[in-house]
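Participant: what follows is a predicted protein model with its sequence.
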Amino acid sequence: MKHQIATSRDQAARLLKCGVPAESADMLHNESTGLEVNVSEEIPSGYNPAWSLSALCGLLPKEIKVDESPYDEVQEYGLLIYPFMGGWQVDYQYCDNDECQCLKCVHGTDLIEACVKAIEWLAEDGYKLNGIEEGGENV
């Protein structure tokens with residue numbers, strides 16, 4: 001059984017497309033040597049960025065604040081990550097007393113894919129990622 005320890009090239013391209021800067025990657029893909037740890041702030045020529053599970057989880061905000069109009073209340077939805085239906089699910093939920101409300105949930109066959117999908121959703125809906133001020137790559 002093969003275990004994925006970082007994003008694939010396709011997943012990395014999807015992250016770049018939704019605004020995650022290459023410099024935030026903690027690993028690198030190299031055509032000749034494979035996956036390597038990234039210890040510098042710059043991506044050397046011939047390398048492509050890759051994000052470990054730890055780096056992806058670090059990008060996900062622990063809470064999202066949502067203005068609940070007609071009530072003029074701000075609700076805080078917390079991050080939940082758990083195994084679900086043979087894969088993994090990433091949810092943002094708000095719980096009040098005994099009732100929980102899910103803002104958004106995404107499912108992936110593996111945890112890295114679920115985190116990439118969650119980052120894509122957050123970026124698409126205009127939520128800020130941890131440590132990302134602005135920008136991204138033009139892919």
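Facilitator: It's in.
Participant: tell me where this protein has strands.
Facilitator: Using DSSP state E, the strands of the chain run over residues 27-30, 34-37, 47-50, 63-68, 73-84, 87-96, 99-108.
Participant: most tightly surrounded among those strands?
Facilitator: Mean neighbours per residue, mean count of other Cβ atoms under 10 Å, is largest over the strands of the chain for strand 47-50, with a mean of 22. Any C-beta I mention is one placed from the backbone N, CA and C, and that applies to glycine too.
Participant: what's the neighbour count on residue 131?
Facilitator: 11 (other Cβ atoms under 10 Å).
Participant: and what of residue 45?
Facilitator: With other Cβ under 10 Å as criterion, residue 45 counts 5.
Participant: tell me the pLDDT of it.
Facilitator: You'll see residue 45 listed with a pLDDT of 82.
Participant: same for the longest helix belonging to the chain, what does it pack against?
Facilitator: Longest helix in the chain, counting residues (DSSP state H): helix 111-124. Packing partners of helix 111-124 (3 or more Cβ pairs under 8 Å, 6 or more residues apart in numbering; DSSP states H and E): helix 9-17, helix 53-59, strand 73-84, strand 87-96, strand 99-108.
Participant: quick one: distance of that helix to the chain centre.
Facilitator: 4 Å (Cα atoms, centre = their mean, to the nearest Å).
Participant: state the mean pLDDT of it.
Facilitator: Helix 111-124 comes out at a mean pLDDT of 96.
Participant: ok, now stretch 6-20?
Facilitator: On average, the pLDDT along stretch 6-20 is 95.
Participant: who touches it?
Facilitator: For stretch 6-20, the external contacting residues (Cβ atoms under 8 Å, 6 or more residues apart in numbering) are 22, 25, 27, 29, 35, 48-53, 56, 59, 112-113, 116, 119-120, 123-124, 129, 132, 135-137, 139.
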